[in-house]
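> Got a predicted structure here, sequence first:
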Amino acid sequence: MNIIITGGGWAGCSAAYMARKQGANVILIERTDLLLGTGLVGGIMRNNGRYTATEEMIAMGGGDIFKIIDENCRHTNINFPGHAHASLYDIAKTPVAITNYLKKIGVEIKLQERVVRAQVEDGAIKSIQTSSGEVYAGDAFIDTTGTAGPMNNCSKYGNGCAMCVLRCPSFGGRVSLTGVCGITEKTGKKADDSIGAMSGSCKLYKESLAPEIIETLNTTGVAVIPLPEEFVENHLSVKACQQYALKEFAENIILLDTGHAKLMTPYYSIEKLHKIPGFENARYEDPYAGGKGNSMRYFDMSPRTNALQVKGIKNLFCAGEKAGLLVGHTEAIVTGVLAGFNCTRFLRKEPLLELSRKTAIGEAIAYVNEEMEKQEGLGKKYTFSGSVLFEHMKKLGLYENDVNKIEEKIKQEGLFNIFAS
């Protein structure tokens with residue numbers, strides 16, 4: 001089984017891990033020089049319903065990636081406005097730990113390679129070609145190229161290129177594997193019906209802040225600084241991460257310690273920021289133009305089944321943001337694991353796995369697929385950690401933070417250690 005995965009973010013890394021554990025030969029292609037994508041500056045795990053999803057995946061036997069993250073957390077079980085029992089992973093150590101793990105289990109990683117075309121015959125991909133001219137033939141493929149950028153989308157639908165962690169000027173813009181196969185994809189919308197959504201937070205160079213703020217972050221993981229009314233900037237409606245679209249995030253500067261000081265707004269005037277006590281020397285770490293904007297996301301989402309098979313190409317699967325309006329690392333990881341697993345089942349000619357809707361993960365995958373068939377559904381964002389999906393989880397009784405109860409539910413659904421089989 002030769003499986004090619006395009007996109008080395010959380011979804012791609014998780015798909016590679018699972019496909020390799022299932023016995024496939026795996027090549028993971030990433031257009032930049034580092035794995036994890038937006039996970040390079042992310043860091044928030046286990047908040048609200050993400051705790052449930054994480055423990056479900058561990059109980060299903062697909063939790064190796066989550067265990068590595070847990071081992072590289074700076075803070076655990078912290079609370080901040082609207083969010084409980086969160087973990088914050090170290091953005092310096094975690095990417096290295098994940099990369100080393102994938103290499104150790106035998107995943108072949110190709111960096112600075114970007115897919116530009118695909119050879120499709122009889123409804124299946126035979127090979128893909130990268131911008132360097134390299135051709136990769138495979139038996140099956142997984143598209144985890146994400147939906148953020150490229151630069152022209154940020155300019156047309158956002159505030160211009162903010163020089164973010166995606167680094168399109170250096171490595172070229174994102175290219176969708178599903179798209180180059182000729183499949184029509186879906187595009188998300190903001191609340192005002194305009195196209196796309198803006199990434200949900202900025203990162204400050206922590207050492208540029210006042211010593212007392214640094215001490216608070218290092219000690220507690222969270223700093224909440226009330227803003228005078230004249231300094232309030234409310235850009236929350238443009239965020240992809242609608243779970244943070246709460247008034248507390250407009251009325252305060254809320255910082256989380258991931259190694260960076262994670263500022264929970266999609267952009268904030270650097271001129272205003274420098275007038276706030278403790279932020280006189282503040283500097284943006286990502287995006288560098290953080291006073292202007294952040295990357296635009298949710299273009300080019302793949303039409304797919306609940307087994308994460310892309311409709312129209314029989315040997316192509318998808319995960320992460322390619323699988324729909326799913327926001328966050330946890331969401332990318334769990335869909336990546338399922339895509340990697342089902343890709344190998346497809347090649348073995350075994351029935352594909354659709355997770356029970358009595359689980360938080362299974363319900364999320366199916367529910368988002370249904371909602372995206374509605375026009376109003378394309379204007380919403382879905383995450384285990386808040387907003388629409390979390391409220392839906394609670395309504396169905398799927399939110400649980402008792403590990404024993406979560407494991408028992410997984411056993412009742414016949415899914416215990418399914419990914420370890």
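Received, thanks.
> didn't Val26 look like it was pressed against Gly12?
No. With contacts counted by CB atoms under 8 Å, Val26 stays clear of Gly12, the gap being 10.1 Å. All C-beta atoms are positioned from the backbone trio N, CA, C, and that covers glycine.
> Need the residues touching each of the two.
In terms of CB atoms under 8 Å, 6 or more residues apart in numbering, Val26 and Gly12 are both contacted by the residues Ile5.
> Let me see the contact set for Cys202.
Lys262, Leu263, Thr265, Pro266, Tyr267, Tyr268, Tyr284, Asp286, Pro287, Gly290, Asn294.
> what's the answer for Glu354, then?
Glu354 sits next to Thr305, Asn306, Ala307, Gly362, Ile365, Ala366 when contact means CB under 8 Å, 6+ apart.
> Check the gap between Lys21 and Gly7 for me.
Distance, Lys21 to Gly7, by CB to CB, to the nearest Å: 19 Å.
> typed the wrong thing, it's Lys322
The spacing between Lys322 and Gly7, counted by CB to CB, is 8 Å.
> Look at Lys21 and Gly7 and report which has more neighbours.
Each of Lys21 and Gly7 has its neighbours counted (other CB atoms under 10 Å); Gly7 has more, 32 against 20.
> That one contacts Thr147, correct?
No. Counting by CB under 8 Å, Thr147 is not a contact partner of Gly7; they are 10.3 Å apart.
> I would like the residues contacting stretch 361-369, please.
53, 56-57, 304-306, 308, 323-326, 331, 334-335, 338, 354-357, 382, 384, 389, 392-393, 396, 398.
> Keep only those of these that are in strands.
In strands, judged by DSSP state E, the following of the contacts of stretch 361-369 are found: Tyr382.
> quick one, what contacts Gly63?
Gly63 sits next to Thr54, Met57 when contact means CB under 8 Å, 6+ apart.
> now swap in Thr38 and tell me
Applying CB under 8 Å, 6+ apart, we find Thr38 in contact with Gly9, Trp10, Gly146, Ala148, Val165, Leu166, Ser199.
> Not including adjacent chain positions, what is the nearest residue to the third one?
Residue nearest to Gly146 in three dimensions, not counting chain neighbours: Glu321, with 5.1 Å by CB to CB, 6 or more residues apart in numbering.
> In three-state terms, label the one you found for me.
Secondary structure, DSSP: H, G, I helix; E, B strand; the rest coil: Glu321 is helix.
> so what's Gln22 closest to, chain neighbours aside?
Gln22's closest residue in space is Thr344 (CB to CB, 6+ apart), at 4.0 Å.
> measure that neighbour to Val41 for me?
Using CB to CB, Thr344 is found at 31 Å from Val41.
> what's the spacing between the helix or strand hosting Asp70 and its chain's center?
Under the criterion of DSSP states H and E, Asp70 resides in helix 64-71. The chain centroid and the centroid of helix 64-71 are separated by 15 Å, computed with CA atoms, centre = their mean, to the nearest Å.
> list the buried ones in that helix?
The neighbour-count check on helix 64-71 (16 or more other CB atoms under 10 Å) flags Asp64, Ile65, Phe66, Ile68, Ile69, Asp70 as buried.
> returning to that earlier point: could I get the contacting residues of the residue nearest to Gly146?
Here Glu321 is in contact with Ala11, Gly146, Thr147, Ala148, Arg297, Tyr298, Met301, Ala332 (CB under 8 Å, 6+ apart).
> following the top helix by length along the chain, which helix or strand shows up next?
Ranked by number of residues, the top helix in the chain under DSSP state H is helix 329-347. Proceeding N to C from helix 329-347, the next assigned helix or strand is helix 360-371, under DSSP H and E.
> How far off centre is that following helix?
16 Å.
> picking that back up, switch the contacts of Cys202 over to JSON lines; also include neighbour count.
Output for the contacts of Cys202, formatted as JSON lines (neighbours: other CB atoms under 10 Å):
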{"residue": "Lys262", "neighbour count": "26"}
{"residue": "Leu263", "neighbour count": "23"}
{"residue": "Thr265", "neighbour count": "21"}
{"residue": "Pro266", "neighbour count": "28"}
{"residue": "Tyr267", "neighbour count": "24"}
{"residue": "Tyr268", "neighbour count": "23"}
{"residue": "Tyr284", "neighbour count": "23"}
{"residue": "Asp286", "neighbour count": "25"}
{"residue": "Pro287", "neighbour count": "25"}
{"residue": "Gly290", "neighbour count": "27"}
{"residue": "Asn294", "neighbour count": "29"}
